[in-house]
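Asks: Next come a sequence and a model predicted from it.
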Amino acid sequence: MTNAPRPFLGQVAWVSGGRIGGALIQALSVVLVLRLLDPGEFGLLSGVLSLATISQTAIDMGVATFISRERAARPDSGAIATALRFNAISSLALTGVVLTALVVVWLASGNSIYLYMLPLAFWVSGERNADARLSVVFADGDAKINVINLLARRALSVIVFVVLAAVGVNPVLSFALGSAIAALSSSLFANFYVRRRVTTPPSISYRELLRLSRAYWVHAVASQARNFDVILVTTITGATQAGFYSTASRLTNPLTLLTSSLASTLLPAASRASAVSQSLRPLLRIATVVVGSMSAIYAVIYFAAPFLVTSVLPAEYADTTRVIQFVVAGLPFAAVASILSSVMQGQGHKRFVASTSTLATLTCLALIAVGSLNWGAIGAGAALSVTLCLQAVALCVGFLVLIRRSRREKKTE
């Protein structure tokens, strides 16, 4: 039997603090890598990281999100044990897929940089396994464990990377080894910690599990498929422009961790509220305050971007300033989309969220192709922000329509 869920605000405070710390460590890691690689090499590394993240989401099949919602709504459900077993099997399969892909690309290109990236296969599967298992703890309201695990993982990754690079190991191999060692350590801890919390035996088949998690998977894949943007920009404009675009994307990515952590907290909270017919207004008030506060921070970063780029990055990255500004302009819309998606999934509207995400991703990639073809990395950054705005508007409209429909149905009962 699980513990009673912790107060929501306490969860948000823990997750927010942890994500801020994690964002700072991640930003430090990116800056260190940038100082050791030229834009072309960084573009290739970013492309592989993007593809690895997409494969991580694809093979997850929506199971991690299913675990979080199922645990929050029905803590003793046997479906959770089934999902954890599936997660273990698919994580092992993911390692083999990524290793094979990297070897094939190395043989085809003859570029040894792909050999140096081989440890990333263990990074991508280790992180996925850890996060899926700790979603049980997160749904129970014990955000502290997830935060500690995240910070330890990020810190260990940077420490190993710095130590290896300092003794002369290739910087790409150092980064890959640091990421892999940290992820595997995190995975081992998650397996040990969660094992004693899930005691109900499996109650459904893998086929039934995949049917129940399909809509979560579609949403996750559609969201992560945007990571094809770097590959698309590389194909259309070359590695240097892709390096500028991916630099802007990766440096601003930590800025989304606070709102994405709130979104992940809102999903089980909204699920619990739906199970007992509680109002969503307290959760939405908190979300509004967070989005408003983060939007003010994004505005400051937008105007400070020229100074920050010249102060932190090497001279050859000066052309990333405008790209960063365009990407930052879209972050408030990304926050709204992320939060509303989680709330609506928690309320059971997973198919609407999946459809919206799929359409938004297709639009995003099309606009990025057009933008990068005509204006390079700057056009790609502008296209990304426009798409995020459109997705946020669509979700807002859909949320209001579904809420009104739900109210009418209750009145007629």
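Replies: Done, it's in. Numbering: from 1, shown residues only.
Asks: All the helices of the stretch 51-200 of the chain, residue numbers only.
Replies: Using DSSP state H, counting those that start in this stretch, the helices assigned to the stretch 51-200 of the chain run over residues 63-73, 79-109, 113-116, 120-139, 143-166, 171-195.
Asks: what's next to the helix or strand following the last one, contact-wise?
Replies: Next in sequence after helix 171-195, counting helices and strands by DSSP states H and E, comes helix 206-224. Contact with helix 206-224 is made by 53-54, 56-58, 60-63, 65-66, 69, 79, 82-83, 86, 204, 341, 345, 350-351, 353-354, 357-358, 360-361, as judged by C-beta atoms under 8 Å, 6 or more residues apart in numbering. Every C-beta, even on glycine, is put in place using the N, C-alpha and C of the backbone.
Asks: Make TSV out of the helices of the stretch 51-200 of the chain and add mean neighbour count.
Replies: Formatted as TSV, those follow (neighbours: other C-beta atoms under 10 Å):
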stretch	mean neighbour count
helix 63-73	25
helix 79-109	17
helix 113-116	19
helix 120-139	26
helix 143-166	19
helix 171-195	21
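Asks: need these in a markdown table with distance to Leu267 and mean pLDDT, can you?
Replies: Shown next, in a markdown table, are these (distance: least, C-beta to C-beta, whole Å; pLDDT from 0 to 100):
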| stretch | distance to Leu267 | mean pLDDT |
| --- | --- | --- |
| helix 63-73 | 6 | 85 |
| helix 79-109 | 15 | 90 |
| helix 113-116 | 36 | 88 |
| helix 120-139 | 9 | 88 |
| helix 143-166 | 13 | 88 |
| helix 171-195 | 18 | 91 |
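Asks: would you list the ones you listed in JSON lines and tack on distance to Ala329?
Replies: Below are these laid out as JSON lines (distance: least, C-beta to C-beta, whole Å):
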{"stretch": "helix 63-73", "distance to Ala329": "28"}
{"stretch": "helix 79-109", "distance to Ala329": "33"}
{"stretch": "helix 113-116", "distance to Ala329": "33"}
{"stretch": "helix 120-139", "distance to Ala329": "29"}
{"stretch": "helix 143-166", "distance to Ala329": "27"}
{"stretch": "helix 171-195", "distance to Ala329": "29"}
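Asks: To Arg19, which of these lies closest?
Replies: Nearest of the helices of the stretch 51-200 of the chain to Arg19, taken as C-beta to C-beta: helix 143-166 at 7.5 Å.
Asks: Could you list every helix and strand in contact with the closest one?
Replies: helix 8-36, helix 120-139, helix 171-195 (3 or more C-beta pairs under 8 Å, 6 or more residues apart in numbering; DSSP states H and E).
Asks: In CSV, list the ones you listed along with distance to Val48.
Replies: Converted to CSV, those look like this (distance: least, C-beta to C-beta, whole Å):
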stretch, distance to Val48
helix 8-36, 13
helix 120-139, 7
helix 171-195, 9
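Asks: Sketch out the low-pLDDT regions of the chain for me.
Replies: 1-10, 12-13, 16, 275-277, 406-413 (pLDDT under 70).
Asks: longest helix in it, by residue count?
Replies: Longest helix in the chain by number of residues (criterion: DSSP state H): helix 350-412.
Asks: Run the angle between that one and helix 206-224 for me.
Replies: Here the directions of helix 350-412 and helix 206-224 differ by 100 degrees (axes from the mean of the first three to the mean of the last three C-alpha atoms, to 10 degrees).
Asks: what about the helices of the stretch 51-200 of the chain, which gets the closest to Thr240?
Replies: Nearest to Thr240, of all these, is helix 113-116, at 15.6 Å by C-beta to C-beta.
Asks: Show me the contact partners of the closest one.
Replies: Counting by C-beta under 8 Å, 6+ apart, Glu41, Leu44, Leu45, Val48, Leu102, Val103, Val105, Trp106, Asn170, Val172, Leu173, Ala176 sit against helix 113-116.
Asks: Specify the stretch among the helices of the stretch 51-200 of the chain that is closest to Met294.
Replies: Proximity to Met294 (C-beta to C-beta) singles out helix 143-166 among those, at 18.4 Å.
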